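*Asks:* Build me a model:
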Amino acid sequence: MKDIIKPILVLASICLVVTTILACVNSITAPIIKAAEEKNAALARSEVLRKAKSFEQLNINLPDGVTAVFRGSDNSGYVIMSQAKGYGGDIKIICGIRSDGSIEKVKTLSHNETSGIGSKVADNKSGYNQNYTGKSADNYTEVDAVSGATISSKAYKKAVGLAFDAFQTAKEANP
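*Replies:* Residues are numbered from 1 along each chain as shown. Predicted structure coming up:
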């Protein structure tokens with residue numbers, strides 16, 4: 001009996017110590033990570049809607065899949081953060097839509113798509129996101145899917161479509 005209890009107590013003690021250390025590290029790094037994410041999001045907003053000097057986050061009823069909507073200063077347009085489920089998980093994008101309803105730029109914020117296949121759609125380096133530049137709600141669906149990455153391409157297109165839905169909602173709420 002003693003041979004069974006001693007190893008259990010040792011393993012439980014080790015688990016308790018490791019869990020405590022991980023909780024401490026998380027409490028230290030969580031605010032740093034959040035600040036870095038906010039900084040990157042602010043830079044991305046400026047990148048996808050260059051004309052805007054500042055952004056105001058709108059508190060409106062958002063469609064499912066849309067995480068945030070920002071209105072650019074000087075009536076320059078809107079920046080919408082949306083996501084859709086791809087092959088490897090959620091593809092999160094940020095989309096700058098000018099006041100006239102055309103896309104200035106789309107950028108991927110994060111993804112877990114398969115390297116070399118789905119990543120051809122989701123990586124900003126691949127250039128797929130540039131196919132949406134200048135597109136509007138009427139013609140964004142004309143962007144072709146990447147061969148071999150149909151699920152990822154459809155998810156990206158869905159995220160862009162959600163951005164257009166949020167754009168319409170934002171324009172109606174803030175004429």
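*Asks:* Least confident secondary structure element in the protein?
*Replies:* Sorted by mean pLDDT, DSSP states H and E, the helices and strands of the chain end with helix 119-122, the least confident at a mean of 78.
*Asks:* for that one, packing partners?
*Replies:* Judged by 3 or more Cβ pairs under 8 Å, 6 or more residues apart in numbering; DSSP states H and E, the packing partners of helix 119-122 are helix 150-173. Every residue, glycine included, has its C-beta placed from N, CA and C.
*Asks:* picking up where we left off before, identify all contacting residues around the least confident helix or strand of the chain.
*Replies:* 86, 91, 108, 111, 113, 126, 128, 146, 148-149, 152-153, 155-156 (Cβ atoms under 8 Å, 6 or more residues apart in numbering).
*Asks:* could those be laid out in a markdown table, adding neighbour count and pLDDT?
*Replies:* Converted to a markdown table, the contacts of helix 119-122 look like this (neighbours: other Cβ atoms under 10 Å; pLDDT from 0 to 100):
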| residue | neighbour count | pLDDT |
| --- | --- | --- |
| 86 | 25 | 88 |
| 91 | 26 | 91 |
| 108 | 22 | 87 |
| 111 | 24 | 88 |
| 113 | 23 | 82 |
| 126 | 14 | 77 |
| 128 | 23 | 85 |
| 146 | 19 | 84 |
| 148 | 14 | 84 |
| 149 | 24 | 84 |
| 152 | 26 | 89 |
| 153 | 24 | 90 |
| 155 | 26 | 91 |
| 156 | 29 | 91 |
